[in-house]
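S.K.: just a sequence and a predicted model for now, questions to come.
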Amino acid sequence: MCLLNKSKGEMTPEELQKREEEEFNMGPLPVLTQSVKNNTQVLINCHNKKLLGRVKAFDRHRNMVLEKVKEVWTEVPKNGRSKKSKPVNKHHYISKMVLCGDSVIVVLWNSDTAGKGPLPRAMTPGGRC
């Protein structure tokens, strides 16, 4: 019987372990799994910013421990003189951080490091690519 058709309450500990491994190797989670294994950069699109960094650990809820993170966001300057201010890109470096999974929209492999592993795939919280 396929493990996906059984409820978790009906599974043995070995079957639960196998199902968890399948979940982390299929669907959207391989982006994070490969990033941890190969120490490659990922681009994480959050609600109001983008993060470029290396994933050290994660869970099924997309909570992540990140290192060497560059946070990038856009601000519109508030000038009293003109109403047509151009947006300004801003960024700063974060050595280590924990990212809550509910703020994650999309996770992508960095295109510079994507050639070192499988083909790049997007990861969305809904599990669809």
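M.R.: Perfect, thanks for sending it.
S.K.: so for this protein, the centremost residue is which one?
M.R.: Centroid-nearest residue in the chain, with C-alpha atoms, centre = their mean: residue 107, separated by 3.8 Å.
S.K.: what's the helix or strand that contains residue 106 packed up against?
M.R.: Using DSSP states H and E, residue 106 sits in strand 104-109. When contacts are defined as 3 or more C-beta pairs under 8 Å, 6 or more residues apart in numbering; DSSP states H and E, strand 104-109 sits against helix 30-38, strand 41-46. Placement of C-beta: from N, CA and C, glycine included.
S.K.: okay, these, which one's buried deepest?
M.R.: Each of those was scored by mean neighbour count; the highest is strand 41-46, a mean of 20, by mean count of other C-beta atoms under 10 Å.
S.K.: what's that strand packed up against?
M.R.: Using 3+ C-beta pairs under 8 Å, 6+ apart: strand 41-46 touches helix 30-38, strand 50-58, strand 104-109.
S.K.: just for the chain, where's the confidence low?
M.R.: 1-5, 27-28, 80-83, 111-129 (pLDDT under 70).
S.K.: and the angle from the top helix by length along it to strand 50-58?
M.R.: Ranked by residue count under DSSP state H, the longest helix found in the chain is helix 13-25. Angle of helix 13-25 versus strand 50-58, following axes from the mean of the first three to the mean of the last three C-alpha atoms, to 10 degrees, is 160 degrees.
S.K.: buried set for helix 13-25?
M.R.: Within helix 13-25, the residues scored as buried using 16 or more other C-beta atoms under 10 Å are 19, 24.
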